[in-house]
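generate a structure from the sequence data that follows.
(one chain, ligands or ions: 7)
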Amino acid sequence: MLPKKLLCSPIAFFLAFFIAIIGISFVPAQVSEINAQKSKSDSLTGNAFCIQCHGNIYYGLKNPETGKIHRKMMSINGRIDPTVFKKSNHRSFQCTNCHSIEFKKFPHSEKALLEEIGSCIDCHSGDSIAEKYKFDLIDEDFQKSVHATKHSENFTCWMCHEAHSYKVNATTVEYDNSMCLSCHANANKYNLILNKSNPNIIEKHEWLPNQQAHLQNVRCIECHARVNDSILVAHNIQPKAKAVKLCVECHSTNSLLKQTLYKYQSRVQISRNGYFNAAILNKSYVIGANRNYYLNVASVVILLIVIGGIAIHIILRTTLKK
Ligand code: HEC
Ligand code: HEC
Ligand code: HEC
Ligand code: HEC
Ligand code: HEC
Ligand code: HEC
Ligand code: HEC
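Ligands and ions are numbered 1, 2, ... in the order given. Below is the predicted model:
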């Protein structure tokens with residue numbers, strides 16, 4: 001898709017080439033900056049105490065009397081992958097910035113196990129990050145969702161934004177959908193919130209043709225969250241009866257997708273190159289949405305010429321026959 005677009009627009013091609021050259025000349029400086037940041041935020045050394053147990057499949061417990069080391073298995077739930085944590089938003093944190101300092105004792109005390117972990121808003125209110133991502137508006141939106149209205153006590157932001165791996169990333173459908181599927185395709189986590197059988201997602205979406213293609217290219221929130229123009233990612237998940245079922249909401253030129261899917265990419269790109277839905281073209285081909293204004297005009301002109309030609313032909317044939 002890309003080369004075709006570039007060919008259409010030699011100016012865009014030239015610009016990209018120019019930017020690439022500038023980019024290359026800046027790379028060394030950027031790399032050294034990133035390295036400097038890395039060594040500063042490499043918090044795992046400080047977290048090594050917790051990671052020795054929670055970062056591994058096995059951990060050792062030493063019997064102080066005999067000196068024997070007992071090899072134990074860490075439950076899957078208790079495992080934190082240090083390499084994933086290192087790439088997350090909160091990588092610069094000590095484990096005990098969020099968790100109670102009581103966890104430094106082992107076995108962990110009841111007091112530690114009953115800790116209340118702060119929510120996003122506790123830290124991100126009035127700071128530049130909160131401003132950039134509009135945390136207050138996101139919170140407002142989330143509070144209206146089915147999850148919050150039905151289960152406000154237990155359903156926190158952390159339920160989707162997994163604390164140790166969360167990385168702000170609105171760019172891949174797979175990443176976003178994995179947040180939802182962490183419950184909707186996993187009965188154990190689902191039952192943490194609601195002790196009922198977990199509806200089977202595949203079966204519940206059987207009405208959708210090419211289900212696999214859709215679930216790989218459309219985010220769950222596209223159909224399930226109410227569009228909100230003031231934030232980038234809508235958080236108001238609606239009851240199932242309000243979910244998008246109409247094909248034309250996406251498969252048309254005036255598409256819902258245009259507003260939501262890849263919204264952040266699309267701001268600049270929509271209508272550039274004459275495409276009605278330029279933004280979607282980056283990721284997928286959506287039947288009915290990928291139309292081009294100039295091609296539309298050209299096809300109408302060609303159609304008129306053909307009709308005109310036929311008309312002249314008929315007139316000439318009928319008049320000359322006489
Ligand atoms: C000697 C090994 C060991 C060390 C060191 C250790 N933990 Fe644990 N921790 C465990 C085990 C074992 C569990 C139980 C895991 C399970 O069954 O899910 C646990 C459970 C937890 C839990 C889950 C509590 C719950 O509600 O289920 C948290 C949170 C936790 N640890 C945090 C920490 C933090 C933070 C540190 C460092 C300050 C730490 N741990 C150090 C072994 C350890
Ligand atoms: C940004 C805050 C934050 C940081 C930093 C953090 N945690 Fe957590 N951790 C949480 C939250 C939130 C939960 C989920 C608690 C809940 O859902 O009740 C959690 C849960 C856990 C659990 C229980 C298993 C689970 O995933 O539900 C363990 C074990 C744990 N953390 C260990 C650690 C260790 C070890 C570190 C340091 C490498 C760490 N945490 C750093 C916020 C954090
Ligand atoms: C204990 C306080 C605390 C909590 C709780 C917390 N954060 Fe943060 N968060 C921070 C701090 C401090 C930073 C900056 C970290 C850095 O620069 O290394 C940060 C960084 C971030 C960033 C990165 C911003 C960027 O542009 O790089 C995002 C996004 C973010 N947090 C979202 C969240 C979300 C969502 C939650 C709840 C699920 C949350 N935070 C909970 C303190 C917190
Ligand atoms: C039902 C799941 C879910 C819950 C609950 C949830 N989020 Fe999100 N959130 C998402 C998804 C999906 C994204 C899109 C992926 C991304 O950008 O990281 C997202 C993105 C974000 C972003 C990044 C927005 C951007 O501009 O890129 C922030 C900030 C955020 N959420 C904050 C919160 C806060 C604060 C809460 C609690 C009030 C919360 N989220 C609760 C699913 C959820
Ligand atoms: C922590 C687990 C969890 C996560 C993560 C989660 N959900 Fe849910 N969701 C639930 C539970 C539990 C219910 C059932 C609530 C009820 O009926 O009481 C539910 C209900 C729903 C419903 C309403 C179904 C109905 O009966 O009307 C929709 C739609 C939905 N979720 C979509 C999503 C989407 C989209 C995401 C990701 C952005 C997501 N969920 C993330 C647990 C989760
Ligand atoms: C193309 C739009 C679309 C997409 C994409 C989509 N859904 Fe749905 N979903 C619907 C519709 C419409 C319904 C209601 C179906 C019905 O009532 O028969 C529904 C139903 C549901 C339900 C309620 C099931 C029940 O009957 O209790 C859940 C939960 C759900 N979806 C979660 C998800 C998750 C998680 C994803 C992402 C992996 C997703 N959906 C992707 C449109 C969509
Ligand atoms: C939320 C937006 C959305 C809705 C609603 C939606 N689609 Fe799609 N559909 C897409 C996207 C995005 C693709 C592109 C998938 C790809 O790149 O393969 C697609 C692809 C398709 C394809 C082509 C699949 C392929 O393999 O190339 C068909 C056929 C299709 N949709 C039919 C439907 C029908 C019928 C409905 C209504 C029942 C529907 N869609 C509802 C967004 C949507």
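
from now on I want contacts and neighbour counts done on CA atoms only, so please keep to that.
Noted.

assign the closest residue to His164 other than its chain neighbours to helix, strand or coil.
Excluding the flanking residues, the one nearest His164 by C-alpha to C-alpha, 6 or more residues apart in numbering is Phe85, at 5.2 Å. Secondary structure assignment for Phe85 (DSSP: H, G, I helix; E, B strand; the rest coil): helix.

could you check the pLDDT of Phe85?
At Phe85, the model reports a pLDDT of 95.

that one contacts Arg91, doesn't it?
Yes: between Phe85 and Arg91 there is a contact under C-alpha atoms under 8 Å: 5.8 Å.

neighbours around the residue nearest to His164, how many?
21 (other C-alpha atoms under 10 Å).

residues contacting it?
In this structure, Phe85 makes contact with 91, 164-165, judged by C-alpha atoms under 8 Å, 6 or more residues apart in numbering.

compare those and tell me which has the most neighbours.
Arg91 (22 neighbours).

can you list the residues that contact the helix or strand containing Cys183?
Cys183 belongs to helix 173-184 when assigned by DSSP states H and E. Here helix 173-184 makes contact (C-alpha under 8 Å, 6+ apart) with 160-161, 169-170, 189-190, 198-201, 216-220.

so which of those residues sits lowest on pLDDT?
Ala170 (57).

so which bits of stretch 300-309 are buried?
Neighbour-count burial for stretch 300-309, counted by 16 or more other C-alpha atoms under 10 Å, picks out no residue.

quick one: mean pLDDT over that stretch.
Mean predicted lDDT for stretch 300-309 stands at 86.

repeat that for stretch 123-142.
Predicted confidence along stretch 123-142 averages 94 (mean pLDDT).

which residues in the stretch 51-200 of the chain form helices?
All helices of the stretch 51-200 of the chain, identified by DSSP state H, counting those that start in this stretch, fall at 82-87, 95-98, 110-113, 120-123, 128-133, 135-143, 146-151, 173-184, 187-193.

with distance to Ile57 added, can I get those in JSON lines?
Shown next, in JSON lines, are those (distance: least, C-alpha to C-alpha, whole Å):
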{"stretch": "helix 82-87", "distance to Ile57": "12"}
{"stretch": "helix 95-98", "distance to Ile57": "18"}
{"stretch": "helix 110-113", "distance to Ile57": "21"}
{"stretch": "helix 120-123", "distance to Ile57": "29"}
{"stretch": "helix 128-133", "distance to Ile57": "35"}
{"stretch": "helix 135-143", "distance to Ile57": "35"}
{"stretch": "helix 146-151", "distance to Ile57": "33"}
{"stretch": "helix 173-184", "distance to Ile57": "21"}
{"stretch": "helix 187-193", "distance to Ile57": "20"}
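
can you give the domain ranges for this structure?
Per automatic domain parsing, the structural domains of the chain span 1-39, 42-115.

mean pLDDT for these: which is lowest?
domain 1-39 (a mean of 38).

so which bits of the stretch 151-300 of the chain are right by ligand 2?
Neighbours of ligand 2 within the stretch 151-300 of the chain, by C-alpha under 6 Å from any ligand atom: 158, 163-164.

that older thread, out of the contacts of helix 173-184, which touch ligand 6?
199, 218-220.

figure out the length between the terminal residues of stretch 126-142.
19 Å (C-alpha to C-alpha, to the nearest Å).
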